[in-house]
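A.B. asks: sequence? don't have it. structure:
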């Protein structure tokens, strides 16, 4: 168990967004979180790297353990947490900087300034997302000149450059076409050998294709958490069945 | 019976009115610049640009004023830019849009509209007399800095606010602290907007008369340090014209001032363009 929550509740002001969530996520698996819009799946994801701290009026109760450490305890170093738990966002959101500077951004925060080391990290990260051959001669060009799929790969490379252990992916393919989506999914299957991946998606086929375990959320509750096979063939909750068979959502 | 205009006709009329307005604006602009250039261009010579001023400006050149103008403006921008940009960063990134931010923004807007002679009077009382800086380049620069800070704050504030939240989120999600995020993401991305504010500030400062006549003085000597009194081009022009010393030299001075302003703007926009091309 690398990520565990117990009795996790989250409130936006008076709105109860996450209700009593108990969850345990295993290392080196892809865990999918599915559910209709507004069910709290992105909010749950943003708990794990404490991105909700940026929003005013958020209150969290219950425990969230990552590597058996309570991430809300005062001794937890937020910056180290975010280094360990990286995030890929919904839209490919490269900085308006060069390809090189985008990937070097994280390492530079960690005070790596040596040119040779930075170059190695950039090359290694690009190779890990299978972009190195395509971009090795274009490192100085603006990252915004890349296609959406390549930008999303670049964003993953930028994340890998800070050497995280857990990758949080918030609908990483929602702005990509089916072919690009397929390529990103292949990449995730490669990445799971080294990293633990938690992916939020409203695309059930995607969860079925790549996830090892799936959690179904509805109105802030975690209704069911099971192996992908079980969820999609023989769910134990009626509501899960209704959702995956397209009755609502 | 009502008279109706068809939609096609009204489109054409609107187009003609808008075109006319643009043409009038451009004509007025070119007329002013053209008029000054027509009267001043004949005065331009190597001697006029490189000689000291003699006989109160009736003879000789305007080199001391050119140097004084550049000195005062550059120093004012060096003082005002960090203060203005720093305040804008504080307002946007640290006050979270509260009452304080609204009060300061409102104050900055009001200050930006205060007539420059008020700043001149303030600078005279505070910098020249109270702080005993005398009529000097330093007093003039400080006064101009106070005058252009509101412009720089407001334009920088808008530029920083326009940086997408997602950029900040990525920076935080990669382990960046607030300072990393501001320094490496927010400021570089908002640089074109901030530069616009600085350029507007330069424009206001370089041609300013009322605020510097009280603070930088009107001495014609060659400035040697920030404590020298100087007469900027705009002040020199004003005095030459008002005292009836020499209209020819006055137009010559105005021509030089306009050329400098055009040059500064041209360079600034080139720089900005190159920056935008690189990243956007």
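C.D. replies: Good, I have the coordinates. Small disclaimer: the values here were computed from a predicted structure and weren't measured.
A.B. asks: Residues contacting stretch A:241-249, please?
C.D. replies: With contact meaning C-beta atoms under 8 Å, 6 or more residues apart in numbering or on different chains, stretch A:241-249 is reached by A:34, A:35, A:36, A:37, A:202, A:204, A:216, A:218, A:231, A:232, A:235. For the C-beta atoms, the positions are set from N, CA and C on the backbone; glycine is no exception.
A.B. asks: Of those residues, which count as buried by neighbour count?
C.D. replies: A:34, A:35, A:202, A:204, A:216, A:218, A:231, A:232, A:235 (16 or more other C-beta atoms under 10 Å in any protein chain shown).
A.B. asks: pLDDT below threshold where in chain A?
C.D. replies: Along chain A, the parts satisfying pLDDT under 70 run over A:1, A:249.
A.B. asks: could you pull out the strands for it?
C.D. replies: Here chain A has its strands, by DSSP state E, at A:3-12, A:15-25, A:30-34, A:58-66, A:69-70, A:85-88, A:166-170, A:196-200, A:213-218, A:221-227.
A.B. asks: Residues of chain B that sit close to chain A?
C.D. replies: Residues of chain B found near chain A (C-beta under 8 Å from any C-beta of the partner chain) are B:96, B:164, B:166-177, B:180, B:184-185, B:188-189, B:278-280.
A.B. asks: Which of those residues fall within helices?
C.D. replies: B:166-173, B:180, B:188-189, B:278-279 (DSSP state H).
A.B. asks: JSON lines for those, including pLDDT and neighbour count?
C.D. replies: Formatted as JSON lines, those follow (pLDDT from 0 to 100; neighbours: other C-beta atoms under 10 Å in any protein chain shown):
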{"residue": "B:166", "pLDDT": "87", "neighbour count": "14"}
{"residue": "B:167", "pLDDT": "90", "neighbour count": "18"}
{"residue": "B:168", "pLDDT": "90", "neighbour count": "19"}
{"residue": "B:169", "pLDDT": "90", "neighbour count": "17"}
{"residue": "B:170", "pLDDT": "91", "neighbour count": "25"}
{"residue": "B:171", "pLDDT": "92", "neighbour count": "24"}
{"residue": "B:172", "pLDDT": "91", "neighbour count": "23"}
{"residue": "B:173", "pLDDT": "91", "neighbour count": "27"}
{"residue": "B:180", "pLDDT": "89", "neighbour count": "20"}
{"residue": "B:188", "pLDDT": "86", "neighbour count": "18"}
{"residue": "B:189", "pLDDT": "87", "neighbour count": "21"}
{"residue": "B:278", "pLDDT": "61", "neighbour count": "13"}
{"residue": "B:279", "pLDDT": "58", "neighbour count": "19"}
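A.B. asks: Closest to residue B:213 out of those?
C.D. replies: Residue B:213 lies nearest to residue B:188 out of those, by C-beta to C-beta, at 38.7 Å.
A.B. asks: Go ahead and confirm that closest one touches residue A:105.
C.D. replies: No. Contact criterion C-beta atoms under 8 Å: residue B:188 and residue A:105 do not qualify, at 10.9 Å.
A.B. asks: Need the residues touching each of these two.
C.D. replies: Common neighbours of residue B:188 and residue A:105 (criterion: C-beta under 8 Å, 6+ apart): residue A:97.
A.B. asks: can you give me the strands in the stretch 51-200 of chain B?
C.D. replies: For the stretch 51-200 of chain B, the strands defined by DSSP state E, counting those that start in this stretch cover B:53-54, B:59-60.
A.B. asks: picking up where we left off before, do you know which of the strands of chain A lies nearest chain B?
C.D. replies: Nearest of the strands of chain A to chain B, taken as C-beta to the nearest C-beta: strand A:85-88 at 4.2 Å.
A.B. asks: Work out the sheet partners of the closest one and label each with its direction, please.
C.D. replies: Paired strands of strand A:85-88, with direction, are strand A:166-170 (parallel) (DSSP bridges).
A.B. asks: how many degrees apart are the strand it pairs with and helix B:165-173 in direction?
C.D. replies: If you take axes from the mean of the first three to the mean of the last three C-alpha atoms, to 10 degrees, strand A:166-170 sits at 170 degrees to helix B:165-173.
A.B. asks: What are the contacting residues of strand A:166-170?
C.D. replies: In contact with strand A:166-170 (C-beta under 8 Å, 6+ apart) are residues A:2-3, A:42, A:45-46, A:48-49, A:66, A:84-90, A:156, A:159, A:188, A:191, A:195-200.
A.B. asks: next one: that strand to chain centre, how far?
C.D. replies: How far strand A:166-170 lies from its chain's middle: 1 Å, per C-alpha atoms, centre = their mean, to the nearest Å.
A.B. asks: Kindly report the same for stretch B:131-138.
C.D. replies: On the basis of C-alpha atoms, centre = their mean, stretch B:131-138 sits 21 Å off its chain's mean C-alpha point.
A.B. asks: I'd like to know how many residues surround residue 76.
C.D. replies: All of this refers to chain A. Counted by other C-beta atoms under 10 Å in any protein chain shown, the residues lying close to residue A:76 total 14.
A.B. asks: sorry, should have said chain B
C.D. replies: The burial count for residue B:76: 29, using other C-beta under 10 Å.
A.B. asks: Can you point out the buried residues in the one helix or strand residue B:241 maps to?
C.D. replies: Assigned by DSSP states H and E, residue B:241 belongs to helix B:233-242. For helix B:233-242, the neighbour count (16+ other C-beta under 10 Å) marks B:233, B:234, B:235, B:236, B:237, B:238, B:239, B:240, B:241 as buried.
A.B. asks: Make TSV out of those residues and add distance to residue B:267.
C.D. replies: As requested, the buried residues of helix B:233-242 are exported to TSV (distance: C-beta to C-beta, whole Å):
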residue	distance to residue B:267
B:233	18
B:234	20
B:235	24
B:236	23
B:237	23
B:238	26
B:239	29
B:240	28
B:241	29
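A.B. asks: count of neighbours near residue 65?
C.D. replies: Let's take chain A. Neighbour count of residue A:65, defined by other C-beta under 10 Å: 17.
A.B. asks: meant chain B actually
C.D. replies: A count of nearby residues for residue B:65, using other C-beta under 10 Å, gives 25.
A.B. asks: One more: residue B:31?
C.D. replies: Counted by other C-beta under 10 Å, the residues lying close to residue B:31 total 10.
A.B. asks: and if you look at residue A:74?
C.D. replies: Using other C-beta under 10 Å, residue A:74 has 5 neighbouring residues.
A.B. asks: In stretch A:189-207, which of the residues would be classed as buried?
C.D. replies: A:191-192, A:195-202, A:204, A:206-207.
A.B. asks: measure that stretch end to end?
C.D. replies: End-to-end distance of stretch A:189-207: 12 Å, with C-alpha to C-alpha, to the nearest Å as the criterion.
A.B. asks: if I look at residue B:231, how far off is residue B:68?
C.D. replies: To residue B:68, residue B:231 is 6 Å away according to C-beta to C-beta, to the nearest Å.
A.B. asks: Pick out whichever of the two has more residues nearby.
C.D. replies: Counting neighbours by other C-beta under 10 Å for residue B:231 and for residue B:68 shows that residue B:68 has the greater number, 30 against 27.
A.B. asks: wait, what's in contact with the closest residue to the more buried one other than its chain neighbours?
C.D. replies: Ranked by C-beta to C-beta, 6 or more residues apart in numbering or on different chains and with sequence neighbours excluded, the top spatial neighbour of residue B:68 is residue B:230, at 3.1 Å. Going by C-beta under 8 Å, 6+ apart, residue B:230 touches B:64-65, B:67-68, B:71-72, B:136-137, B:140, B:216-217, B:219, B:221, B:223.
A.B. asks: Now with 6 Å, please.
C.D. replies: Residue B:230 makes contact with B:68, B:137, B:216, B:223 under the criterion C-beta atoms under 6 Å, 6 or more residues apart in numbering or on different chains.
A.B. asks: Chain neighbours aside, what residue packs nearest to the residue of the stretch 1-150 of chain B found nearest chain A?
C.D. replies: Per C-beta to the nearest C-beta, the residue of the stretch 1-150 of chain B with the smallest distance to chain A is residue B:96, at 7.1 Å. Using C-beta to C-beta, 6+ apart and skipping residues adjacent in sequence, the residue nearest residue B:96 is residue A:56, 7.1 Å away.
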